[in-house]
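Visitor: Give me coordinates for this.
(chains A, B, C and D)
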Protein chains: 2
Amino acid sequence: MRRNQTGYVILGLLSIESNQSGYDIHKTIKGSVGYFWGESYGQIYPALKRLEAEGLIVSSQSTSAGRAERREYSITPAGHKRLEEWLALPFRDDPPRNELLLKLFFGREAPPSVSIKHVQEYQDGLRRLLGILLETEKIGRARNSDNPNLPFWMLTLTFGVAQIRAALEWSDSALAMLSSAEAAAPLNPPPAENVP
Amino acid sequence: MRRNQTGYVILGLLSIESNQSGYDIHKTIKGSVGYFWGESYGQIYPALKRLEAEGLIVSSQSTSAGRAERREYSITPAGHKRLEEWLALPFRDDPPRNELLLKLFFGREAPPSVSIKHVQEYQDGLRRLLGILLETEKIGRARNSDNPNLPFWMLTLTFGVAQIRAALEWSDSALAMLSSAEAAAPLNPPPAENVP
DNA sequence: ACACACATGTAATTGGTTACATGATTTC
DNA sequence: GAAATCATGTAACCAATTACATGTGTGT
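Guide: Modelled structure (predicted):
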């Protein structure tokens, strides 16, 4: 486990709640860190095996009658230690690739309506996500009022909300700029080459 | 070329300025879309060959005396068409993986000082990047006052600035929260297991 | 009967970085 | 003479998604 973060997400989630299956972990990720971190089964199941081989987690076959076979994992003291070590390591912050911005950057190569459509679609997505985050926040607060993790979870939520609000404001000004360009420009602008 | 965006970045840049080498393109990317899009040589050179084989760009060996050998590329009409088609396609907006948020989410597993350090480091990075973006904006405006691409380029810059400003505000409140937690909590909080 | 949620995994493929390999020219 | 920049490319590796493959239990 070098810089394969999957393992650490799993350790983190198991440190909060034990006896989770691979399926559970996948669901939990979607419902908690999902808006800034995703993992697929193709990552989770192999990672679980690796973590167990390293002694960072242990599993037990759960054979409750009338239920699909299920392997439940829990974190070990060694796993806890490993998680803490990772937490103290500097995070790396890779500049996220933003395909919307890339298309806007080259927006002059297409009619303004193309860029307008993209920004509107972006707005829709932002509003949808904002609704989800605010809902998550409300439910999370209500259901975890005495959970010592709550302040940390809220930190990640308020970050998302702040980013979305800023993006929504920006998108309004972007649409204003683009529609004035649409009014001024011909339908399909001639490609301007060699304009450094 | 399915959803390999590298090709489109190259087409886009060549549509703005022709006669660029692979080396040029790499540099241009870093200096223009670099803060939201990166490409390595390992992607660029193979992509150039592929694009030329598809007839979307053409190359010419530049053999100016006293200069390293250099192959310069320009976009073809077919390349232009392909670029426009791609621009009109819906962008996909993958939830960016945010390692800082991931570590903050599990922040309760480590002393508050760990999270504090991360946020401070994040702030430093934000301030540095903000300075670069504002500088880029100033220079870009001055050097491209009559460039029809300028409004689109500014769109991407103002987006970055807005996001960074929001993130800086958030980070202040995050630090306030974390330092109050540090005052209240023991140095290393006992791991709380099974708190759903 | 059908659909949906529970449950576990592997294989193929893609996308991407990093390290390696090489060499010329310019600047200090 | 050394270091930085210009210049081109390949190979190894890693991270991750997607598709494939399979089966049970529950609710309508």
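
Visitor: anything in the worst-scoring helix or strand of chain A on mean pLDDT near DNA strand D?
Guide: When the helices and strands of chain A are scored by mean pLDDT, DSSP states H and E, strand A:57-62 comes last with a mean of 92. No: Strand A:57-62 stays clear of DNA strand D (Cβ under 7 Å from any atom of the strand), getting no nearer than 12.4 Å. Placement of C-beta: from N, CA and C, glycine included.

Visitor: Which residues belonging to the very next helix or strand once past that strand are considered buried?
Guide: Once strand A:57-62 ends, the next helix or strand along the chain (criterion: DSSP states H and E) is strand A:70-75. Neighbour counts over strand A:70-75 (16 or more other Cβ atoms under 10 Å in any protein chain shown) mark A:70, A:72-75 as buried.

Visitor: Up against DNA strand C, what does chain A have?
Guide: Near DNA strand C, when you scan chain A using Cβ under 7 Å from any atom of the strand, you find A:21-24, A:27, A:41-42, A:45-46, A:48-49, A:67-71, A:97.

Visitor: Show me those residues that map onto helices.
Guide: When DSSP state H is applied, those are split such that A:22-24, A:27, A:41-42, A:45-46, A:48-49 fall in helices.

Visitor: Of all residues in chain A, which one is nearest the centre?
Guide: Compute the mean C-alpha point of chain A, and by Cα atoms, centre = their mean the closest residue is A:Phe36, 1.8 Å away.

Visitor: Would you check how far apart A:Tyr41 and B:Arg127 are?
Guide: 40 Å (Cβ to Cβ, to the nearest Å).

Visitor: Tell me where chain A has helices.
Guide: A:5-16, A:22-31, A:41-53, A:77-88, A:99-105, A:112-143, A:150-184.

Visitor: And the pLDDT at the closest residue to DNA strand D within chain A?
Guide: Going by Cβ to the nearest atom of the strand, DNA strand D is nearest to A:Gly42 of chain A, at 2.5 Å. Reading off the confidence values, A:Gly42 has pLDDT 96.

Visitor: what does the one 10 residues further on give?
Guide: In this prediction, A:Glu52 carries a pLDDT score of 96.

Visitor: what's the answer for A:Arg3, then?
Guide: 63.

Visitor: With the one 3 residues further on instead?
Guide: Here, the pLDDT recorded for A:Thr6 equals 95.

Visitor: I figured it was touching A:Glu39, is that so?
Guide: Yes: counting by Cβ atoms under 8 Å, A:Glu39 is a contact partner of A:Thr6 at 5.6 Å.

Visitor: Please identify which pair of the buried residues of strand A:70-75 lies farthest apart.
Guide: A:Arg70 and A:Ile75 (17.6 Å; Cβ to Cβ).

Visitor: What spatial separation is found between A:Ala68 and A:Gly22?
Guide: 12 Å.

Visitor: no wait, A:Ala183
Guide: For A:Ala183, the distance to A:Gly22 (Cβ to Cβ) stands at 55 Å.

Visitor: Compare those two and say which is more crowded by neighbours.
Guide: With neighbours defined as other Cβ atoms under 10 Å in any protein chain shown, A:Ala183 and A:Gly22 compare such that A:Gly22 has more, 20 against 8.

Visitor: Contacts only, for that one.
Guide: By Cβ atoms under 8 Å, 6 or more residues apart in numbering or on different chains, the residues touching A:Gly22 are A:41, A:44-45, A:48, A:71, A:73.

Visitor: Could you report the pLDDT at the residue nearest to A:Ala166 when sequence neighbours are not counted?
Guide: Distances taken as Cβ to Cβ, 6 or more residues apart in numbering or on different chains put B:Ala166 closest to A:Ala166, at 3.6 Å, once the chain neighbours are dropped. You'll see B:Ala166 listed with a pLDDT of 98.

Visitor: B:Ala166 and A:Val161 touch, don't they?
Guide: No: in this structure B:Ala166 lies outside contact range of A:Val161 using Cβ under 8 Å: 9.5 Å.

Visitor: how many other residues sit next to A:His80?
Guide: Residues lying near A:His80 (other Cβ under 10 Å) number 17.

Visitor: And A:Ser173, by the same measure?
Guide: Counted with other Cβ under 10 Å, residues neighbouring A:Ser173 total 13.

Visitor: Not including adjacent chain positions, what is the nearest residue to it?
Guide: Spatial nearest neighbour of A:Ser173, chain neighbours left out: B:Thr158 (7.1 Å); criterion: Cβ to Cβ, 6+ apart.

Visitor: So that neighbour sits against A:Trp170, correct?
Guide: Yes: taking contacts as Cβ under 8 Å, B:Thr158 lies within contact range of A:Trp170: 6.3 Å.

Visitor: quick one: which of those two has more around it?
Guide: A:Trp170 (22 against 16).

Visitor: mind listing what the more buried one touches?
Guide: Neighbours of A:Trp170 in contact, by Cβ under 8 Å, 6+ apart: B:158-159, B:162-163.
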